[in-house]
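Asker: I would like the atomic coordinates for the input below:
(2 chains)
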Amino acid sequence: MIRTERLTRRYDTLTAVDEVSFEAQPGEVLGFLGPNGAGKTTTMRMIAGFIAPTEGRASICGHDIEREPLAAKRALGYLPEGAPSYGEMSVKAFLEFIADLRGLAGATRRSRLDHVIARLALQDVTAQSIDTLSKGFRRRVGIAQAILHDPPVLILDEPTDGLDPNQKHEVRALINEMAAEKTIVVSTHILEEVEAVCTRAIIIARGRIVADDTPQGLTARSRYHNAVSLQLADAAEYARAQAALAALPQVASVEADERELRLTALPQPGARILTAVTDLANRQSLGLKSLALESGRLDEVFRSITV
Amino acid sequence: MGQIVTITKRELAGYFATPVAYVFILIFLLLAAAFTFYLGGFYERGQADLLPFFNFHPWLYLFLIPAISMRLWAEERKSGSIELLLTLPVTLWQAVLGKFFAAWAFTALALALTCPIWVTVNYLGAPDNGVIVASYLGSLLMAGAFLAIGSCMSALTRNQVVAFILAVVVCFAFLLAGFPLVLDAFRGWAPQAIVDAVASLSFLTHFEALSKGVLDLRDVLYFALTMGFFLVATAFVLDVRKSE
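Answerer: Purely as a prediction, here's the structure:
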């Protein structure tokens, strides 16, 4: 479990993190979203005990990071931003070093090392020095290091940065697999990732929490939530449909994309317009190429609350 | 304690992961020999002792120790691995000591490899080997003080070259604290007590007795306190600046 209370960090005149309070429980995968420089990394560094908060506090599994730093750090697996490691070491020596500092010994040590090396597909590079690895491999070494001691709490700062789509898929699968019994916080600026792995998302802008909701809840805030988009067969049909849609009482406005011959009908607040639109299309026998109900666009929600 | 040993082992292995360690040891041995035989007049003196060898250690250390210590923290900060290290279940003190001990052990190794000169002097005459052992210990102690200064300077910056230069300058000031070059900078404005205090900080004066094999408690204490002071300063600097 992670808990922060009014966590604040100031640098001279700049307030990088401003009274961030939240709680994350086991079973939750909490996505930390926000534009670059919004305070995501600073918040994570404070929770991990690398930076001391100016005000407020953070605790991991009930251990205050400032008063019981060692107990808190033992319960935490942390992937810092950029997945730093010791470049001159081999992957194996590096993971063994982490295992020693984590106090793993004997059979547990061996089985955990084997497990993370297999799970992150590092078998072929164990003897290579980390400096010589590609960005994707280095990121995976960083993740391996974070989950080595099977911690109840994981904080991963941009775990999929620099990975190719297949590797991203693998890492997301790994996070989903661990999600059941762990508390996981993942920072990212890739919005699709939130929908792929997170059960909850916190959006930070200028150091403050501006939204704290499920991914579905966030997309529901979009103006495109329950909008209906249609693609028409030709320009004549397009003009006819545009006029007809605008005349529907439940439709607030119609967005038009003439090049693609696409129209998006936005509903009045709370209204459901799918049946009205399909009825209209049948009645006027519009030449449709496609018709779709939109659940909302996360990128648009993100923009509207962070800009 | 276990954490300190783990960090020391990793750090020490780090020295030998690149050719730097071997190059360093080679240069150290070549310079030590050159100083002893040419500047020190080892043969010409006609005495079976290692005074010409130990006399030059402060000057040897002035440039070589900062070369060892410069990477201690500057590199961790530059690569960001300091964030990894300090978010593992390790205290700042364990990290500072672990890294310091690694650098000290490496210096001890370089120093131990000068033993052929010990063999030589025993072959040529009958030196007082107790004195030589004491001198070696004294030299190692002084190296520790140089390293602690270097560790502190390395913590101040992300740039190893800057760390090297800072360490050389501060070590030089400590080396010559008892001499006009340094004292004159204080005489103009500071009261006599401060000038005297600065004068008593000289590495050269404190090493003089040690190099002759006299392990005076005051000299030993002086180097131990210098080491302690700069290690505390290292931890303090890191605590303030680690994330910058």
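Asker: Grab the nearest non-local neighbour of whichever residue of the stretch 51-200 of chain A sits closest to chain B.
Answerer: When scored by C-beta to the nearest C-beta, the stretch 51-200 of chain A has A:Pro84 as its residue closest to chain B, at 3.5 Å. All C-beta spots, glycine's among them, are computed from the backbone N, C-alpha and C. In this structure, A:Pro84 finds its nearest non-sequential neighbour in B:Gly80, 3.5 Å apart by C-beta to C-beta, 6 or more residues apart in numbering or on different chains.
Asker: Does anything pack onto the one helix or strand B:Val161 maps to? Which helices or strands?
Answerer: For B:Val161, the host element (DSSP states H and E) is helix B:160-175. With contacts taken as 3 or more C-beta pairs under 8 Å, 6 or more residues apart in numbering or on different chains; DSSP states H and E, helix B:160-175 sits against helix B:57-69, helix B:71-79, helix B:129-156, helix B:203-211.
Asker: what about those, which gets the closest to chain A?
Answerer: Of all the helices and strands packed on helix B:160-175, it is helix B:71-79 that lies closest to chain A, at 5.6 Å by C-beta to the nearest C-beta.
Asker: same for the closest one, what does it pack against?
Answerer: Partner elements for helix B:71-79 (3+ C-beta pairs under 8 Å, 6+ apart): helix B:81-86, helix B:92-112, helix B:129-156, helix B:160-175.
Asker: how about the longest one: buried residues?
Answerer: Yep, that's helix B:129-156 we're talking about. By neighbour count on 16 or more other C-beta atoms under 10 Å in any protein chain shown, the buried set for helix B:129-156 is B:131-132, B:134-136, B:138-156.
Asker: Over to the last one?
Answerer: By 16+ other C-beta under 10 Å, the buried positions in helix B:160-175 come out as B:160, B:163-164, B:166-168, B:170-175.
Asker: Tell me the residues of the stretch 1-150 of chain A that contact chain B?
Answerer: Contact residues, the stretch 1-150 of chain A versus chain B (C-beta under 8 Å from any C-beta of the partner chain): A:45, A:48-51, A:69-70, A:73-74, A:76, A:78, A:80-82, A:84-89, A:93, A:97-98, A:100-103, A:129, A:145.
Asker: Could you pick out which of these are located in strands?
Answerer: A:76, A:78 (DSSP state E).
Asker: before we move on, back to that, which residues sit in contact with the residue nearest to A:Pro84?
Answerer: A:80-82, A:84 (C-beta atoms under 8 Å, 6 or more residues apart in numbering or on different chains).
Asker: hang on, the earlier thing: from the residues of the stretch 1-150 of chain A next to chain B, list just the buried residues.
Answerer: For the residues of the stretch 1-150 of chain A next to chain B, buried by 16+ other C-beta under 10 Å: A:45, A:48-51, A:69, A:73-74, A:76, A:78, A:80-82, A:84-89, A:93, A:97-98, A:100-102, A:129, A:145.
Asker: follow-up on the earlier one: let me know which of the helices and strands packed on helix B:160-175 is the nearest to B:Phe186.
Answerer: Of all the helices and strands packed on helix B:160-175, helix B:203-211 sits nearest to B:Phe186, with 16.0 Å by C-beta to C-beta.
Asker: Need the pLDDT of B:Trp118.
Answerer: Confidence at B:Trp118, expressed as pLDDT, is 87.
Asker: Out of the buried residues of helix B:160-175, which comes closest to chain A?
Answerer: B:Gln160 (14.2 Å).
Asker: wait, the closest one sits on B:Arg71?
Answerer: Yes: counting by C-beta atoms under 8 Å, B:Gln160 does reach B:Arg71; the two are 5.6 Å apart.
Asker: Now the residue of chain B found nearest chain A, what are its backbone angles?
Answerer: With C-beta to the nearest C-beta as the measure, B:Gly80 is the residue of chain B nearest to chain A, at 3.5 Å. Reported as degrees, to the nearest 10, the phi and psi values for B:Gly80 are phi 90, psi 0.
Asker: and what of the one 10 residues further on?
Answerer: Backbone torsions of B:Val90, given as degrees, to the nearest 10, read phi -140, psi 140.
Asker: quick one, what contacts the residue lying closest to it once chain neighbours are set aside?
Answerer: Closest residue in space to B:Val90, ignoring its immediate chain neighbours: B:Gln3 at 5.2 Å, by C-beta to C-beta, 6+ apart. When contacts are counted by C-beta under 8 Å, 6+ apart, B:Gln3 touches A:101, B:89-91, B:94, B:98.
Asker: host element of B:Gln3?
Answerer: Residue-wise, B:Gln3 maps onto helix B:2-16 under DSSP H and E.
Asker: For the very next helix or strand once past that helix, enumerate the helices and strands it packs against.
Answerer: Using DSSP H and E, the helix or strand that follows helix B:2-16 in sequence is helix B:20-34. Contacts defined by 3+ C-beta pairs under 8 Å, 6+ apart place helix B:20-34 against helix B:57-69, helix B:92-112.
Asker: interface residues of chain B facing chain A?
Answerer: B:2-3, B:6-7, B:10, B:13-14, B:17-18, B:79-81, B:83-84, B:86-91, B:242-243.
Asker: Show me which of the residues you listed are buried.
Answerer: Buried among the residues of chain B next to chain A (16+ other C-beta under 10 Å): B:3, B:6-7, B:10, B:13-14, B:17, B:79-81, B:83-84, B:86-90, B:242-243.
Asker: you'd agree A:Ala16 is in a helix?
Answerer: No: going by DSSP: H, G, I helix; E, B strand; the rest coil, the assignment for A:Ala16 is strand, not a helix.
Asker: Could you find the closest non-adjacent residue to B:Val182?
Answerer: B:Leu176 (5.0 Å).
Asker: Is it correct that that neighbour is in contact with B:Leu204?
Answerer: Yes: contact status for B:Leu176 versus B:Leu204: in contact at 6.9 Å, counting by C-beta under 8 Å.
Asker: And the nearest residue to B:Thr6 once chain neighbours are set aside, how close does it get to B:Cys171?
Answerer: Leaving aside its sequence neighbours, B:Thr6 sits nearest to A:Asp100 (C-beta to C-beta, 6+ apart; 4.4 Å). The gap separating A:Asp100 from B:Cys171 is 33 Å, by C-beta to C-beta, to the nearest Å.
Asker: Same question for A:Asn226.
Answerer: Distance, A:Asn226 to B:Cys171, by C-beta to C-beta: 72 Å.
Asker: and the least confident helix or strand in chain B by mean pLDDT, how far out from the chain's middle?
Answerer: Using mean pLDDT, DSSP states H and E, the weakest-scoring helix or strand in chain B turns out to be helix B:180-187, at a mean of 78. Here helix B:180-187 shows a centroid-to-chain-centroid distance of 24 Å under the convention C-alpha atoms, centre = their mean, to the nearest Å.
Asker: Same question for stretch A:5-18.
Answerer: The answer for stretch A:5-18 is 23 Å, by C-alpha atoms, centre = their mean.
Asker: tilt between the helix holding B:Val161 and helix B:57-69?
Answerer: 150 degrees (axes from the mean of the first three to the mean of the last three C-alpha atoms, to 10 degrees).
Asker: contacts for helix B:160-175?
Answerer: Contacts of helix B:160-175 (C-beta under 8 Å, 6+ apart): B:58-59, B:61-63, B:65-67, B:69-71, B:73-75, B:78, B:145-146, B:149-150, B:153-154, B:156-157, B:182, B:201-204, B:226.
Asker: May I see the PyMOL selection of the buried members of the residues you listed?
Answerer: Per 16+ other C-beta under 10 Å, the buried members of the contacts of helix B:160-175 correspond to this PyMOL selection:
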select buried, chain B and resi 58+61+62+65+66+67+69+70+71+73+74+75+145+146+149+150+153+154+156+157+182+201+202+203+204+226
